[in-house]
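K.L.:
compute the structure for the input listed below.
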Amino acid sequence: MYCSPIWCPHVKKVSDTLEKVQRRTSKCALGSIGQDIPYEEHLKLFKWPTLEQRRLSSSLIECCKTINRLNRLDLSAFFTFAHEFRPLRANHCFKLKFASATLNSFKHSFFKCIIDKWNNLPNLLMRTI
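P.N.:
Numbers count the residues shown, from 1 in each chain. Sure, this is the predicted structure:
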């Protein structure tokens, strides 16, 4: 989890470097048998999600906290609900709208990157929020 909702690498090279650390850790934890088992089996043995899955999960949780005002972030500064602009035929009423991004730092920020993933969540899940 380690700050993954706030800092999520958008460059593949950085993600691969982080994944190598987890690969090495799992090999060390398994000892001599870890050398012969593929990395995916390590994850299954330890019941670990991949780093990408952990980042996605923690990002969606942080987005939910922001939308429900469970953290101290100002919702209107980061997100706009799509239904405020036009009626939706969408799968859920919590769909978010993209804000225009002029800076590269914002284009790769948490708030910009999570919108597509959030909007694609199934309606049944969103009704539980």
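K.L.:
which ones are touching W48?
P.N.:
Counting by CB atoms under 8 Å, 6 or more residues apart in numbering, W48 touches 22, 26, 42. Using the backbone N, CA and C atoms, a C-beta is placed for each residue, glycine as well.
K.L.:
nearest to N120 among the residues you listed?
P.N.:
Q22 (26.1 Å; CB to CB).
K.L.:
circling back to that earlier point, closest to L75 among the contacts of W48?
P.N.:
Nearest to L75 among these: Q22, at 33.3 Å, using CB to CB.
K.L.:
count of neighbours near C28?
P.N.:
Applying other CB atoms under 10 Å, we find 9 other residues in the vicinity of C28.
K.L.:
doesn't it fall inside a helix?
P.N.:
Yes. Secondary structure of C28 (DSSP: H, G, I helix; E, B strand; the rest coil): part of a helix.
K.L.:
can you tell me the closest non-neighbouring residue to it?
P.N.:
Nearest residue to C28 in three dimensions, chain neighbours excluded: G34, at 7.2 Å (CB to CB, 6 or more residues apart in numbering).
K.L.:
and K112, that's in a helix?
P.N.:
Yes. Read with three-state DSSP, K112 is one of the residues of a helix.
K.L.:
how much space between it and L30?
P.N.:
38 Å (CB to CB, to the nearest Å).
K.L.:
same question, W48
P.N.:
Using CB to CB, W48 is found at 12 Å from L30.
K.L.:
find residues that contact each of these two.
P.N.:
In contact with both W48 and L30: H42, using CB under 8 Å, 6+ apart.
K.L.:
P49: what's it in contact with?
P.N.:
P49 makes contact with 43, 57 under the criterion CB under 8 Å, 6+ apart.
K.L.:
quick check: pLDDT value at it.
P.N.:
In this prediction, P49 carries a pLDDT score of 88.
K.L.:
A helix includes it, no?
P.N.:
No. Looking at P49 with three-state DSSP, it is coil, so not inside a helix.
K.L.:
separation between it and K12?
P.N.:
Taking CB to CB, one finds P49 at 19 Å from K12.
K.L.:
ok, now T66?
P.N.:
On the measure of CB to CB, T66 and K12 end up 27 Å apart.
K.L.:
since that was my last question, I'll sign off now.
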